[in-house]
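Student: this is a predicted model, with the sequence first.
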Amino acid sequence: MEKYLYIALFAPLVGSLIAAIFGNTPKKVFLGVITSSLIFVSFLSSVLLMMWTFNGNVVKAEMMDWITAGNFSISFGFVADQVSTTMMAVVSLVSGIVHVHSMGYMAHDKGYNRYFSYLSAFVFSMMILVMSDNLLGLFIGWEGVGVCSWLLIGFWYHKKDEPVEVNSSISPSWAANEAFIMNRVADLAMLVGIFIIFWNIGSVKYDDIFTGIQSLSTTTIVSAGVFLFIGAMGKSAQFPFHPWLADAMEGPTPVSALIHAATMVTAGVFLVVRLSPLYEMIPEVGYGIAVLGAFVAMFAATMGLVHNNLKKVIAYSTLSQLGYMFVAAGLGAYWIALFHLATHAFFKSVLFLGAGNVMHAMDDELNIKKMGGLYKPMKHTAIIMILASVALAGIYPFAGFFSKDMILEVAFAEHSYLLWTILWITAGLTAFYSFRLIMLVFFGEERYKAFGFHPHEAYRFQIIAMIPLTILAVIAGFGEHSFMEYVSHILPEYHGHVSSGTVMTLIAVTSAMALSGIGFAVWKYSRGGFSKSWENTFIHKLLINQYYIPKFYDVVFSKPYKELSTFAWKEIDMKIVDATVDFIATSIYDMGESSRSMQTANLSQALKWMAFGLLVLVALVFFAGLK
Amino acid sequence: MFEAVAFYLFSFLTIAMFSITVMSKNALYSLSSLAAGMIFISAFFFLLNADFLGVVQIIVYTGAVMALYAFGMMFVDTTTDVVEKIANPKLAFVLSALSAILVIIIVISPIVADNIQALYPVSANLGNAQDVGLVLFTKYLVPFEVAAVMLLVAMIGGIILAGKKMDEIHNNSELDDEFNLKV
Amino acid sequence: MITLSDYLVLSTILFMIGLFGVVRRKNLLMLFFATEIMLNAVNIGLAAISNYYGDLTGQMFAFFIIAIAASEVAVGLGLLILWFKRKGTIDLDSLQSMKG
């Protein structure tokens, strides 16, 4: 079984390397085919591993030693247990479909080969992240996905910077840097967490950690848990590390589907789930995580209400759902968080892919105010996106219903009624803005005609690729019970209890909220939407500027840091360091220049110097002999 | 007794002669006093039981080398007193004086080492010339032969250097024909 | 009695006189004279040491120095004559073409 582990891990790497060879050459279609096939090979291996671990077996593999220095020994080890195979299967499936879709989306792009190389490299890093059996291997994968995400967000790096009023993400390279730097800042905290664990336990392997933390003091575990969670916050774009996610939409849309819906941003949730024994011991920190998650859920949903950028709305929706996942994980229902992660991956990625189709049809136009009535030319995409949005809103029997409802139940069962209320309202907001998007893009007045667009449906094979995900988004919810049994071999069961009567009431209330959100959106936007006067209200301004947080970061962090950097450059580096080095060089040169005066060709002078040298030597002998 | 007298007499003379050599403005006086100094130095060699060396000094140095210098002086213009622009006359004096003082102090100190072995000891029964001949042709044979070759080379070099370009200045066509020298 | 030190002092004095001449003289020919003085001073020293230690090595050394001095004079004078023919003067200060 080990070989399946290695196949699943290295197949994407092989694809990436093959595509990298052709990095600078014009587009070669076979590269897209090869990389996609290799990802599907990885998917098949993951599924095989999943079936193997169904009965509780675990596959472990030690590939080779990495560092052995005295007591410190880390190896490249991999483990395929129920948690990691779930992630592997989800990641490889979504990646495979995104690869196929990209073959159509990037068909006219000059960097086709480079794109597939980066995309497969990303999948490889993500596989390392989820399959690793120690924290440092996870960190390698963590950084790897960060780098690949930077490469992919900044894929069109040659686009120039634009002012914030025109494009709030400024430019792809700017957005890529923002994402990477924000992640890096959070990674510092993660490293501190890893150090705390290593310092106290002496190993970074999960097995050793889980046995070792039993004997640690609460403060240590709390600090380790908090720091590791801050690292997770960076990757999963929780407040205050959230601006990069919306700006990351500058990259190609399939990238957003893969990275910012299904895989990279879920790495934070995966970390918390993976370290569940640790977080089990510190429920207060878990509650803090849940509170933060709920806050982010509502925070992001409010911002998604007003934006007119197609991808940004979906990005805020991702942010919101990540909040849900953290609520579940924070309150101790780890398997529910994982379940929501999987279902969310399905419907969110297909939403993004659909958005990609729409963008392609509209010549990369993103403003939904310029769309409308696209149902007629783009039926298939529209249907897929509607199905995904219904799943997102959480309507029975779609997948989102099961996972979201469970989370709300958990919140209720923990007697955190405030959290429940926040999540309940957010569910309504989610439904509303999802269908606002649908209505404005696909229905209503055909505004695009005024701008001269001629939309057409995407390639057939792209639609076919999107279908499996859509189907999963619809039916995956029914696998909830078997999923729980499957994952409970590793993860703790959740023992919150709510009486069945209350459960029914909760379900009814939540569904009512979701349905009313959908209904309101459909009703309002079929009548032409909100009036323009709303755009001048304070609330609207606040939301559309993302609560002025990017501006705040710019003023408080970016500008002073830039001043500091300029100072360090101009004053310290150029005036002190450079000057010192130059001084050494010029002083040697000057010494040479002044010694040059000795070099008159006058024989008499030379003889004088010789006599002088003789005198010096004799004096040396004399004084040495004196001792 | 005699030795001491001879030593001091000759040393005084030598120093006087050599001082004239270095300080005189007239080239001819300089040359003459140098030749005289050489002769007096050979007196020292005789005092030091180095008979052969003393004779060689007279023949080679005073005879050959001084003759060479005399011939050399003929080629250059020595009628005018050489005007020497000396930038810093005191400097030269100071350098030499200081070095002299230091070395003298070094040299005056008694030699402490006891077991200095003679490498090629003087044999008591032979005369100095025989002794020198013995050592020269056995132990120092190779340097001797090499020195001979070197002298040959120097001679040829001297001829070529000084002989070739005579025609340029004297412009002597008869010499040209006679010696078949090309310009 | 005359000890080795006396001879060595004499040798030193003569050597320094030669050195003084070398440093001071601007006429190339007179420079050669001063060089000869130095060589002779060394010869005296060597012969003295040879006598006082009963070793023939010093005399041999002095012998070869004489040989070398002779050949040096030959070549040196040849060069001097060449230089004089080229420049018309044997002043040392005119010998500065390698300045820098």
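Tutor: Arrived safely.

Student: nearest residue to the residue most central in space within chain B in space, please, no chain neighbours.
Tutor: Central residue of chain B (C-alpha atoms, centre = their mean): B:Tyr61, 5.3 Å from the mean position. Excluding the flanking residues, the one nearest B:Tyr61 by C-beta to C-beta, 6 or more residues apart in numbering or on different chains is B:Met38, at 4.7 Å. The C-beta positions use only the backbone N, C-alpha and C, and glycine is treated the same way.

Student: the one you found contacts C:Leu39, doesn't it?
Tutor: No - taking contacts as C-beta atoms under 8 Å, B:Met38 lies outside contact range of C:Leu39: 10.5 Å.

Student: more neighbours: which of the two?
Tutor: B:Met38 (23 against 19; other C-beta atoms under 10 Å in any protein chain shown).

Student: give me the low-pLDDT residue ranges for chain B?
Tutor: Counting by pLDDT under 70, chain B contains low-confidence ranges at B:77-87, B:111-115, B:164-183.

Student: how about the residues of it by chain A?
Tutor: Applying C-beta under 8 Å from any C-beta of the partner chain, we find that chain B lies next to chain A at B:Leu91, B:Ala92, B:Leu95, B:Ser96, B:Leu98, B:Ser99, B:Leu102, B:Val103, B:Ile105, B:Ile106.

Student: quick revisit: wait, what's in contact with the residue nearest to B:Tyr61?
Tutor: B:Gln57, B:Ile58, B:Tyr61, B:Thr62, B:Val65, B:Met66, C:Glu36, C:Asn40 (C-beta atoms under 8 Å, 6 or more residues apart in numbering or on different chains).

Student: and the spatially closest residue to C:Leu4 that is not a sequence neighbour, how far is that from chain A?
Tutor: Excluding the flanking residues, the one nearest C:Leu4 by C-beta to C-beta, 6+ apart is C:Tyr52, at 4.4 Å. Going from C:Tyr52 to chain A by C-beta to the nearest C-beta, to the nearest Å gives 21 Å.

Student: same question for stretch A:369-377, mean pLDDT?
Tutor: The pLDDT scores in stretch A:369-377 average 83.

Student: which helices and strands sit right next to the longest helix along chain B?
Tutor: Using DSSP state H, we find that the single longest helix of chain B is helix B:141-164. Helices and strands touching helix B:141-164, by 3 or more C-beta pairs under 8 Å, 6 or more residues apart in numbering or on different chains; DSSP states H and E, are helix C:57-87.

Student: the helix it packs on vs chain A: in contact?
Tutor: No - on the criterion C-beta under 8 Å from any C-beta, helix C:57-87 is out of touch with chain A, staying 11.3 Å away.

Student: relative to helix B:141-164, how tilted is that helix?
Tutor: With axes from the mean of the first three to the mean of the last three C-alpha atoms, to 10 degrees applied, the angle from helix C:57-87 to helix B:141-164 works out at 10 degrees.

Student: quick one: helix C:57-87 near chain B?
Tutor: Yes - for helix C:57-87 and chain B, the contact criterion (C-beta under 8 Å from any C-beta) is met by C:57, C:59-60, C:62-64, C:66-75, C:77-82, C:84-85.

Student: any of those residues buried? List them.
Tutor: Listed as buried from those are C:57, C:59-60, C:62-64, C:66-67, C:69-75, C:77-78, C:80-81, C:84-85; burial here means 16 or more other C-beta atoms under 10 Å in any protein chain shown.

Student: of all residues in the stretch 351-500 of chain A, which one is closest to chain C?
Tutor: For the stretch 351-500 of chain A and chain C, the shortest gap (C-beta to the nearest C-beta) falls at A:Asp364, measuring 69.0 Å.

Student: doesn't that residue lie inside a strand?
Tutor: No - counting by DSSP: H, G, I helix; E, B strand; the rest coil, A:Asp364 falls outside a strand, being coil.

Student: related to what we said a few turns ago, torsion angles phi and psi at the residue nearest to C:Leu4?
Tutor: Note on C:Tyr52: its backbone torsions stand at phi -80, psi -20 [degrees, to the nearest 10].

Student: give me the number of residues near it?
Tutor: 18.

Student: OK, contacts around it?
Tutor: With C-beta under 8 Å, 6+ apart, C:Tyr52 has these contacts: C:Thr3, C:Leu4, C:Tyr7.

Student: again, only using 10 Å
Tutor: Shown in contact with C:Tyr52 (C-beta atoms under 10 Å, 6 or more residues apart in numbering or on different chains): B:Leu48, B:Ile111, B:Ile116, C:Ile2, C:Thr3, C:Leu4, C:Ser5, C:Tyr7, C:Leu8, C:Gly58.

Student: wait, the first one sits on C:Gly54?
Tutor: If I follow you right, that is B:Leu48. No - taking contacts as C-beta atoms under 10 Å, B:Leu48 lies outside contact range of C:Gly54: 11.7 Å.

Student: so what pLDDT did residue 75 get?
Tutor: Let's take chain A. Reported pLDDT for A:Ser75: 84.

Student: meant chain C actually
Tutor: For C:Val75, the predicted pLDDT is 92.

Student: from C:Ile65, how far off is it?
Tutor: Between C:Val75 and C:Ile65 the computed distance is 16 Å (C-beta to C-beta, to the nearest Å).

Student: neighbour-wise, which of B:Leu48 and C:Gly54 wins?
Tutor: Shown here are B:Leu48 and C:Gly54; by other C-beta under 10 Å, B:Leu48 has more neighbours (25 against 14).

Student: next up, the contacts around that one.
Tutor: By C-beta under 10 Å, 6+ apart, the neighbours of B:Leu48 are B:3, B:7, B:54, B:128, C:2, C:7, C:44, C:46-52, C:58-59.

Student: let me know the closest of those to A:Ile201.
Tutor: C:Ile49 (82.2 Å; C-beta to C-beta).

Student: the closest one is in what secondary structure piece?
Tutor: helix C:28-53 (DSSP states H and E).

Student: hmm, back to that, ok, which pair from the contacts of B:Met38 is furthest apart?
Tutor: B:Ile58 and C:Glu36 (14.5 Å).

Student: who has more neighbours, these two?
Tutor: C:Glu36 (23 against 16).

Student: now that one, nearest residue through space, not along the chain?
Tutor: Nearest to C:Glu36 is B:Leu34, by C-beta to C-beta, 6+ apart, at 6.5 Å.

Student: returning to what we had before: just the buried ones from the contacts of C:Tyr52, in PyMOL syntax?
Tutor: The following PyMOL line selects those of the contacts of C:Tyr52 that are buried, judged by 16+ other C-beta under 10 Å:
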select buried, (chain B and resi 48) or (chain C and resi 2+4+5+7+8+58)
